[in-house]
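Enquirer: Here is my input, please return the structure:
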Amino acid sequence: AETAQPRGGLDDIVVTAQRRSESLERVPLSITAVPPARLEQLNIRAVDQLQAVTPGFVFNTGYTYSMIFIRGVGANFPNPGLEPAVATYVDGAYTQRGFGAIYDMLDVDTVQILKGPQGTLYGRNATGGAILINSQRPTHALEARFTGEYGNLDHYLAEGVVNLPLTETLASRFAVRYRDDGGYVHNLATGNVLGGRKSVTARGRLLWDPSPDFKAILTFQYDWNKGSM
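Expert: The predicted structure follows:
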């Protein structure tokens, strides 16, 4: 009789750096892959916080726009006419401008940061590398969770995720987050609070999988941010 032997070692990490699902150890690229458990453990909720877990990755911010560098390759002012040198993809959709690229990551499945030129698979604006952010897909299991947070300096955060199976071939997933940071310096001249920020992120996804060989996902996402200086 054969007995099952316990498996040791680390869990296999699956990435989509080459536009197909592969084991991380088999992909001939320099990749930093951050699973959702790691993001939660390190309290990483915004895309600019990924630099804390990625060597060679720098995320600077200007006024409403991002300045992303990977291994020193990037653009200081990624305005129209000077596009970024690091490509950002959210659920397969390309973010073509640095404006609006500062956002919260909500209900994330995986985050992959590809280092080095990626123009073959991710277009001309991937000289420095690429950032791939994939959200959680709807499943055919009922799931719900809620997170509430309060901190000093008038910090509030509320987040909720609901996964609803609709039929045998349809499933939906909804996620929303509200965040309010009160700031830390009061400007007596303008009445604003330095460092204050409010943001709302909401996403809805609908999965249709009529057969094992075909799946389609419809996604709607809304982002709203307001900061004070």
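
Enquirer: Which residue comes closest to Asp12 once chain neighbours are left out?
Expert: Closest residue to Asp12 apart from its sequence neighbours, by C-beta to C-beta, 6 or more residues apart in numbering: Ser23 at 5.5 Å. (C-beta placed from N, C-alpha, C; glycine too.)

Enquirer: Quick one: neighbours of that neighbour, just the number.
Expert: For Ser23, the tally of surrounding residues (other C-beta atoms under 10 Å) stands at 10.

Enquirer: One more: Glu159?
Expert: With other C-beta under 10 Å as criterion, Glu159 counts 19.

Enquirer: What of Thr219?
Expert: 17.

Enquirer: residues contacting the closest residue to His155 other than its chain neighbours?
Expert: Using C-beta to C-beta, 6+ apart and skipping the chain neighbours, the partner closest in space to His155 is Asp181 (5.4 Å). Each residue near Asp181 by C-beta atoms under 8 Å, 6 or more residues apart in numbering is listed here: 153-155, 195-198.

Enquirer: Can you select the buried ones from these in PyMOL?
Expert: Entered in PyMOL, the line below selects the buried ones among the contacts of Asp181, by 16 or more other C-beta atoms under 10 Å:
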select buried, resi 196
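
Enquirer: Can you name the residues bridging to the residue nearest to Asp12?
Expert: With DSSP bridges applied, Ser23 shows beta-bridge pairing to Val14.

Enquirer: quick one: it from Gly129, how far?
Expert: According to C-beta to C-beta, to the nearest Å, Ser23 stands 20 Å off from Gly129.

Enquirer: ditto for Lys115
Expert: Computed as C-beta to C-beta, the Lys115 to Gly129 distance reads 5 Å.

Enquirer: before we move on, what about Ala216?
Expert: 29 Å.

Enquirer: The two: which is more packed in?
Expert: Shown here are Ala216 and Gly129; by other C-beta under 10 Å, Gly129 has more neighbours (28 against 9).

Enquirer: shouldn't that one be in contact with Gln112?
Expert: No. Judged on C-beta atoms under 8 Å, Gly129 makes no contact with Gln112 at a distance of 10.1 Å.

Enquirer: Let me know how buried Ala141 is, in neighbour terms.
Expert: Quick note: Ala141 (other C-beta under 10 Å) scores 9 neighbours.

Enquirer: picking that back up, tell me which residues touch the residue nearest to Asp12, please.
Expert: Counted by C-beta under 8 Å, 6+ apart, Ser23 has contacts 12-15.

Enquirer: ditto for Asp107
Expert: Contact analysis of Asp107 by C-beta under 8 Å, 6+ apart lists 135-136, 161, 173, 175, 203.
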